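Participant: got a sequence here, can you model it:
(one chain, ligands or ions: 2)
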Amino acid sequence: MTKVLSISRENIDRSAIGEAIDALRAGKTVVFPTETVYGLGALASDPDACRKIFEAKNRPADNPLIVHIASMDEFLSLSRNVSEAHIRILRSLWPGPLTAVVRKAEGIPDIVTSGLGTVAIRMPDDNIAKALIEGAGPIAAPSANISTMPSITDSKDAIRFLGGRVDVIIDAGRTNYGIESTILNLTSNPVDLLRPGSYSVEDLEVFFGNIRVGDVARGFAEAKVAITPGMKYRHYSPVKKLYLADSMESFVAMAENLPDNFIALCTDGTRKFVRGEYINLGPESSLYVIASNLFSAFMQLDDSGREYGLIPPFPEKGIGLAIMNRIRKASYRTIKSLDDIS
Ligand code: TXA
Ligand code: MG
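Facilitator: Ligands and ions are numbered 1, 2, ... in the order given. Purely as a prediction, here's the structure:
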């Protein structure tokens with residue numbers, strides 16, 4: 001049985017938060033909101049509880065978890081050999097949608113890090129997540145979706161997909177960014193982007209200097225080595241086939257002649273061209289809005305009566321880099337025209 005606790009971020013119900021904290025302390029799994037997407041958490045210090053996360057999500061054991069913290073003291077006790085300069089930067093950027101991969105301190109259970117010598121840590125900027133961590137201690141949590149499916153940005157979907165699979169779900173509505181945190185590997189020099197996310201690379205470079213952005217981070221290639229284990233798996237995918245148009249122009253040309261078994265994932269500016277049904281991602285002038293609607297649009301594609309989806313590309317600037325990474329990983333193929341579909 002899953003217990004659903006409705007909690008508002010603006011006015012936190014202390015007794016409901018207390019119930020979730022008690023559940024974590026008792027080794028149970030709790031789905032909770034962060035500013036990016038919902039997380040499926042358990043106490044990071046409890047290997048048996050962390051094992052339940054992998055079972056609930058169907059997550060392969062070689063894909064490590066992010067440890068969520070609420071203070072720099074927790075960061076210092078979970079990590080080692082982090083430079084003073086990096087500690088200073090993290091202190092100023094957290095809480096926020098940035099995950100740092102650093103060398104791990106002794107005592108972190110192997111199941112959390114899949115036995116790697118490093119650990120991924122972040123301090124979420126969400127009052128509910130903060131209250132939970134302050135009450136129970138650091139929480140290990142991946143995104144709260146079934147493996148390979150789109151991440152969950154609305155508690156309705158958490159209840160729909162994870163009801164019956166976890167002990168507690170905190171029902172707090174939609175998350176703020178709707179796309180996961182940016183992951184940086186701080187053990188490499190220059191710092192390496194492992195996954196683009198809500199924090200843009202341009203903004204992070206102001207603090208970290210040049211950041212290396214490889215093909216894997218852009219969503220083109222799959223990682224061959226275990227440096228970012230998550231990258232070698234299929235991700236964020238709707239069940240229906242999603243086709244990515246190779247340009248905005250080809251998207252519009254295809255949308256005008258869309259076959260009946262397709263639905264277009266369009267923008268404010270392109271919906272007038274779509275023949276038939278569409279899902280609107282929002283204004284192309286605000287990539288933050290597009291990002292926050294992306295995963296729920298993938299879910300609407302699955303819920304639609306159509307077999308296929310068509311989506312345009314977005315500029316790979318700012319959060320657009322994360323948007324394109326998620327779209328490339330979610331899509332079946334990139335096409336120029338409807339003739340490319342076999
Ligand atoms: O916004 C987020 O980051 C959300 C919320 C819940 O915090 N979490 C999230 O977790 O997206 P998840 O598990 O879906 O993605 C974590 C990624 C995975 O690709 C995993 O392989 C990578 O982080 N990761 C974890 N530990 C790592 C490590 N030590 N070295 C390299 N990559 C690591
Ligand atoms: Mg995930």
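Participant: and the residue nearest in space to the middle of the chain, what helix or strand is that in?
Facilitator: The centre of the chain sits closest to Glu180, judged by Cα atoms, centre = their mean, with a distance of 2.9 Å. For Glu180, there is no host helix or strand (DSSP states H and E).
Participant: ok, it touching Ser143?
Facilitator: Yes: assessed by Cβ atoms under 8 Å, Glu180 is found in contact with Ser143 at 6.1 Å. Any C-beta I mention is one placed from the backbone N, CA and C, and that applies to glycine too.
Participant: joint contacts of these two?
Facilitator: Residues touching both Glu180 and Ser143 (Cβ atoms under 8 Å, 6 or more residues apart in numbering): Val37, Ser151.
Participant: pLDDT weak spots in the stretch 101-250 of the chain?
Facilitator: 221-234 (pLDDT under 70).
Participant: where do the strands sit along it?
Facilitator: For the stretch 101-250 of the chain, the strands defined by DSSP state E, counting those that start in this stretch occupy 118-122, 139-141, 168-171, 182-185, 192-195, 241-245.
Participant: dump these into a markdown table; add distance to Asp157 as well.
Facilitator: Below are those laid out as a markdown table (distance: least, Cβ to Cβ, whole Å):
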| stretch | distance to Asp157 |
| --- | --- |
| strand 118-122 | 22 |
| strand 139-141 | 16 |
| strand 168-171 | 10 |
| strand 182-185 | 23 |
| strand 192-195 | 21 |
| strand 241-245 | 18 |
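Participant: ok, which of those comes nearest ligand 1?
Facilitator: Ligand 1 sits nearest to strand 118-122 of all those, at 3.4 Å, using Cβ to the nearest ligand atom.
Participant: rewinding a little: among the strands of the stretch 101-250 of the chain, which is the most enclosed?
Facilitator: Across the strands of the stretch 101-250 of the chain, the average number of neighbours (mean count of other Cβ atoms under 10 Å) peaks for strand 139-141, which reaches a mean of 27.
Participant: partner strands of it, with direction?
Facilitator: If you go by DSSP bridges, strand 139-141 pairs up with strand 39-43 (antiparallel), strand 66-68 (antiparallel).
Participant: so which of these is nearest ligand 1?
Facilitator: Among the strands paired with strand 139-141, strand 39-43 comes nearest to ligand 1, with 3.1 Å by Cβ to the nearest ligand atom.
Participant: run the chain-centre distance for that closest one.
Facilitator: Counting by Cα atoms, centre = their mean, to the nearest Å, strand 39-43 is centred 14 Å from the centre of its parent chain.
Participant: show the subsequent helix or strand relative to it.
Facilitator: Counting by DSSP H and E, what follows strand 39-43 is helix 47-57.
Participant: may I have that next one exported as PDB, CA atoms only?
Facilitator: Taking Å, rounded to 0.1, in the frame of the first residue of the first chain, the C-alpha atoms of helix 47-57 are listed here in PDB:
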ATOM      1  CA  PRO A  47      21.600   0.000   1.900                       C
ATOM      2  CA  ASP A  48      18.500  -2.200   2.300                       C
ATOM      3  CA  ALA A  49      16.300   0.800   1.800                       C
ATOM      4  CA  CYS A  50      18.300   1.900  -1.200                       C
ATOM      5  CA  ARG A  51      17.900  -1.600  -2.800                       C
ATOM      6  CA  LYS A  52      14.100  -0.900  -2.800                       C
ATOM      7  CA  ILE A  53      14.600   2.100  -5.000                       C
ATOM      8  CA  PHE A  54      16.200  -0.100  -7.700                       C
ATOM      9  CA  GLU A  55      13.300  -2.600  -7.400                       C
ATOM     10  CA  ALA A  56      10.600   0.000  -7.500                       C
ATOM     11  CA  LYS A  57      12.000   1.600 -10.700                       C
END
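Participant: thank you, goodbye.
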